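K.L.:
Could you work out the structure for the sequence below:
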Amino acid sequence: MTDIPERSLGFHKEQHWLAANFLENYLELKERSGLRILEIGSAEGGVLNYLASKGHCCFGIEHSWSRYEMACKINQSVRIHFIHGDITEPKTYATQLNDLMDIIISCDVIEHIPADKKEAALLNMKNLLAINGLLFISFPPKYSPFAGHQQVVPSWAGRIPYLFLLPDGLYAAYLKRLKTSVQTVADLIATKHDRLSINQFEKLAQNLGLKILKKDFYLIRPAYEYRFGIRRLRHNCTNFILKEILTLGAVYLLHQ
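P.N.:
Residues are numbered from 1 along each chain as shown. Got it, this is the predicted structure:
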């Protein structure tokens with residue numbers, strides 16, 4: 001894999017770790033095999049790589065062409081059907097999915113979908129579920145300190161909590177000064193405006209007839225174990241405002 005950037009391999013390894021050390025247990029998959037599993041926003045395919053190695057039939061829909069291409073390259077030795085598509089537009093993937101899914105996974109994707117398309121995206125996920133199928137959704141809530149995903153900025157000076165609350169013009173100028181690429185700046189501005197609160201998500205799920213089987217709110221997200229060696233930490237705060245602020249990662253398991 002000498003032609004694959006280290007950055008892409010790093011993302012793949014983290015995704016693989018997350019599937020092995022969190023998702024498999026959370027979804028109670030250890031004693032199961034042969035499930036039809038679809039990941040929305042499959043990126044480099046690390047999650048699906050792990051699940052396919054456990055005997056599941058795996059599919060991935062990825063909007064980014066470059067990440068879709070990387071997934072196809074990195075996962076050549078594992079049978080996974082990757083699709084370059086958009087979950088808000090069924091015509092981009094419908095002809096390549098012939099079966100309904102037992103499990104659909106979407107990790108930190110819904111907050112990137114334009115605000116006016118989130119309902120369509122969630123409805124399309126619901127429509128892809130088999131009877132008794134499960135939908136896993138995770139996202140950093142709207143009012144958490146890193147909801148703007150500013151931690152992807154190459155300089156430490158871009159990783160300041162709540163930096164994304166700066167006015168758009170000032171935020172963009174600051175990011176450019178830190179040598180952030182033009183595309184990344186545009187993506188971060190879009191993410192700023194497309195953030196999703198816990199309350200908004202639960203109302204959206206309820207309006208679409210999705211029932212919450214379980215939900216967890218993390219002060220320290222599971223992925224931070226891989227990135228920083230810090231153990232995950234859930235919280236049970238019930239105060240409406242504090243919950244939105246303290247939660248760095250919200251995790252939901254839903255069904256129809």
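
K.L.:
Residue 37 in helix, strand or coil?
P.N.:
Put simply, residue 37 is strand when judged by DSSP: H, G, I helix; E, B strand; the rest coil.

K.L.:
That one against residue 100, yeah?
P.N.:
No. Under the criterion of C-beta atoms under 8 Å, residue 37 lies out of contact with residue 100, with a separation of 11.8 Å. Every C-beta, even on glycine, is put in place using the N, C-alpha and C of the backbone.

K.L.:
what element comes up after the helix or strand harbouring residue 137 heading to the C-terminus?
P.N.:
Under the criterion DSSP states H and E, the helix or strand holding residue 137 is strand 129-139. Taking DSSP H and E as the definition, the helix or strand that follows strand 129-139 towards the C-terminus is helix 168-177.

K.L.:
List the contacts of that following helix.
P.N.:
Identification of contacts with helix 168-177 by C-beta atoms under 8 Å, 6 or more residues apart in numbering yields 153, 158, 163, 164, 166, 182, 184, 185, 188, 189, 192.

K.L.:
and what of stretch 214-225?
P.N.:
Outside of stretch 214-225, the residues that reach it under the criterion C-beta under 8 Å, 6+ apart are 14, 18, 21-22, 140, 198, 230-237, 243, 246-253.

K.L.:
Which among those residues count as buried?
P.N.:
Neighbour counting with 16 or more other C-beta atoms under 10 Å marks 14, 18, 22, 140, 198, 232, 243, 246-253 as buried within the contacts of stretch 214-225.

K.L.:
Restricted to helices, list these.
P.N.:
Among the buried ones among the contacts of stretch 214-225, the subset assigned to helices under DSSP state H consists of 14, 18, 198, 243, 246.

K.L.:
show me what contacts the second one?
P.N.:
To tie it back to what came earlier, the one meant is residue 18. Residues touching residue 18, when contacts are defined by C-beta under 8 Å, 6+ apart, comprise 46, 47, 107, 222, 223, 226.

K.L.:
Which pair of these spans the longest distance?
P.N.:
Looking at those by C-beta to C-beta, the two members farthest from one another are 46 and 222, with 14.0 Å of separation.

K.L.:
who has more neighbours, these two?
P.N.:
Each of residue 46 and residue 222 had its neighbours counted (other C-beta atoms under 10 Å), and the higher figure belongs to residue 46 (25 against 22).

K.L.:
tell me the pLDDT at the closest residue to the more buried one other than its chain neighbours?
P.N.:
In space, and not counting its chain neighbours, residue 46 is closest to residue 15: 2.7 Å by C-beta to C-beta, 6 or more residues apart in numbering. The predicted local confidence for residue 15 comes out at a pLDDT of 98.

K.L.:
Repeat that for residue 1.
P.N.:
pLDDT, the model's per-residue confidence, is 55 for residue 1.

K.L.:
same question, the one 4 residues further on
P.N.:
Residue 5 carries a pLDDT value of 92.

K.L.:
count of neighbours near it?
P.N.:
11.

K.L.:
what does residue 256 give?
P.N.:
Number of residues near residue 256 (other C-beta under 10 Å) recorded here: 15.

K.L.:
do the same with residue 204
P.N.:
By other C-beta under 10 Å, the residues close to residue 204 number 17.

K.L.:
That one in helix, strand or coil?
P.N.:
In three-state terms, and counting by three-state DSSP, residue 204 is helix.
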